[in-house]
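Student: Compute the structure for the input listed below.
(chains A and B)
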Amino acid sequence: MQISLNVVLVMITLIYLFLILKAIRKKKLQMSFSIFWLITGVLLIIALLIPNLVETISVVLGFEVPANMIFCITIFVSFYLIFNLTISLSKENRKNTLLIQELSMLKKRVEELEKNAK
Amino acid sequence: MKVLLIIPAYNEEENILNTCQKIQEFSEEIDFIVINDGSKDNTEKILQENHLNHINLVENLGIGGAVQTGYKYAFAKDYDIAIQFDGDGQHDIHYLPNICEPILQGKANMVIGTRYLDKDSSEFQSTFMRRLGSNILSFVIKLCTKKKITDPTSGFRAVDKKLIEEFAKEYPTEYPEPESTVCMLRKGYRIVEVPVSMNERQGGTSSIRFWTSADYMIKVVLAIMIDSIKKEKRKEK
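Tutor: The predicted model follows:
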């Protein structure tokens, strides 16, 4: 890989890490998600800084081209993440429904009590 | 015997008053609760002004979430029978005794008012596509539960105290009628169908059932099949 390209990639990854840290500092991210994104950033930096690391691993694992390994990993991780997102979304939907129902029933109850109190 | 009618209503300003008046004309004794599912029209105002017993959902939940609110209300108020009844005038209140009877006799936990059982009495048998849809669903339900349900999407149904509790705890939100039917069959509850006739909608547009779309069919069939792999506690005997 050309040195200049490597430098650009490292810089982009640093920006990526910076954005993650910023989001964590501003409390925009839940801890478990923060950990996930931080790990991805750190792994990227390691892969970029240690020469031939990706190549060596891909050869050992039997990939014909290092890029294939990268794609493979990326796709697996993305799928895993999306799957987990749909799970937590379903959970949130459930909670949301419950909240709307309970709130609406409480409102009715309060109105009735107010009416009776008058 | 305390009986509650659960009437889900979403943008039903044209029908809801009429529906409630018909119920009151039929019997003064019957309790009903209209679940206003976050309607954007004047439904809430009409309910308020006419002092009709209702719950306003603060956000739109869809038919499943709305009906479940009714079951929760029925559970909290200790009703013996809860009957789901459409707010759009499709259902005929005169069938109320018929639909309660099997529960009163202890023959069923759930009674479904079915359009297709009695060919003569039903003026509104619905279109060919609808019947085809129902037939396909019946077939899939038979495959999954070995029980025959002719009209699994009918929204006119009564449940006993035990099922009020079950539904208050858990109720499918996306395809409520067919899913809840299958779920209760799998849990070992008895479901009976009685013939009813249904009217065409008296006004407004049906937001509840996207009948004509094949999309709905495919999703419900998949939902029923997926439901049948879910872990389900059978009722305690």
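Student: Could you use CA atoms for every contact and neighbour count after this?
Tutor: Will do.
Student: how about residue 66, phi and psi?
Tutor: Just going to use chain A. Backbone torsions of residue A:66, given as degrees, to the nearest 10, read phi -50, psi -40.
Student: Give me the distance between it and chain B.
Tutor: Distance of residue A:66 to chain B, computed by CA to the nearest CA, to the nearest Å: 39 Å.
Student: Just give the closest residue to the closest residue to chain B within chain A, not the sequence neighbours.
Tutor: Nearest residue of chain A to chain B, counting by CA to the nearest CA: residue A:104, 5.1 Å away. Spatial nearest neighbour of residue A:104, excluding adjacent residues (CA to CA, 6 or more residues apart in numbering or on different chains): residue B:57 at 5.1 Å.
Student: I figured that neighbour was touching residue B:34, is that so?
Tutor: No: if you go by CA atoms under 8 Å, residue B:57 and residue B:34 don't touch, sitting 10.4 Å apart.
Student: and residue A:28, what element?
Tutor: Using DSSP states H and E, residue A:28 falls within no helix or strand.
Student: Just give the number of residues close to it.
Tutor: 11 (other CA atoms under 10 Å in any protein chain shown).
Student: just residue B:2 next, same as before
Tutor: So residue B:2, with other CA under 10 Å, has 14 neighbours.
Student: before we move on, what about residue B:174?
Tutor: Neighbour count for residue B:174, taken as other CA under 10 Å: 16.
Student: same thing with the one 10 residues further on?
Tutor: The burial metric for residue B:184, expressed as a neighbour count using other CA under 10 Å, is 21.
Student: what's next to whichever strand or helix holds it, contact-wise?
Tutor: Taking DSSP H and E as the criterion, residue B:184 maps to helix B:176-186. By CA atoms under 8 Å, 6 or more residues apart in numbering or on different chains, the residues outside helix B:176-186 that reach it are B:63-64, B:141, B:145, B:147, B:152-155, B:171-172, B:190-191, B:220, B:223-224, B:227-228, B:232, B:234.
Student: Tell me the residues of chain B that contact chain A?
Tutor: Proximity of chain B to chain A, by CA under 8 Å from any CA of the partner chain, involves residues B:54, B:55, B:56, B:57, B:58, B:59, B:61, B:65, B:66, B:69, B:73.
Student: Out of those, list just those in strands.
Tutor: In this view, those that belong to strands under DSSP state E are B:54, B:55, B:56.
Student: Report the contact partners of the first one.
Tutor: In other words, residue B:54. Residue B:54 neighbours (CA under 8 Å, 6+ apart): A:108, B:33, B:34, B:35, B:36, B:47.
Student: The first one touches residue B:55, doesn't it?
Tutor: Yes: at 6.1 Å, residue A:108 and residue B:55 qualify as touching, with contact defined as CA under 8 Å.
Student: Of these two, which one has the most company?
Tutor: residue B:55 (26 against 17).
Student: Three-state assignment for residue B:192, please.
Tutor: strand (DSSP: H, G, I helix; E, B strand; the rest coil).
Student: how does chain A divide up, domain by domain?
Tutor: What automatic domain parsing lists as the domains of chain A is A:1-51, A:71-118.
Student: Distance to residue B:182 and mean pLDDT added to these, as CSV?
Tutor: Converted to CSV, the domains of chain A look like this (distance: least, CA to CA, whole Å; pLDDT from 0 to 100):
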stretch, distance to residue B:182, mean pLDDT
domain A:1-51, 37, 88
domain A:71-118, 20, 94
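Student: Counting neighbours, what do you get for the closest residue in space to residue A:6 that isn't next to it in sequence?
Tutor: In space, and not counting its chain neighbours, residue A:6 is closest to residue A:48: 7.0 Å by CA to CA, 6+ apart. For residue A:48, the count of nearby residues is 17 (other CA under 10 Å).
Student: again with residue A:19
Tutor: Neighbour number of residue A:19 under other CA under 10 Å is 12.
Student: residue contacts, the closest residue to residue B:16 other than its chain neighbours?
Tutor: Closest residue in space to residue B:16, ignoring its immediate chain neighbours: residue B:87 at 5.4 Å, by CA to CA, 6+ apart. For residue B:87, the contact set (CA under 8 Å, 6+ apart) comprises B:7, B:8, B:9, B:12, B:15, B:16, B:19, B:34.
Student: For the helix or strand hosting the second one, output the C-alpha coordinates as CSV.
Tutor: Per DSSP H and E, residue B:8 falls inside strand B:3-9. In CSV, the C-alpha atoms belonging to strand B:3-9 read as follows (Å, rounded to 0.1, in the frame of the first residue of the first chain):
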residue,chain,number,x,y,z
VAL,B,3,-70.4,-7.6,29.8
LEU,B,4,-68.2,-5.0,28.1
LEU,B,5,-68.2,-3.9,24.5
ILE,B,6,-64.8,-2.8,23.3
ILE,B,7,-65.1,-0.4,20.4
PRO,B,8,-61.9,0.6,18.7
ALA,B,9,-62.3,3.8,16.7
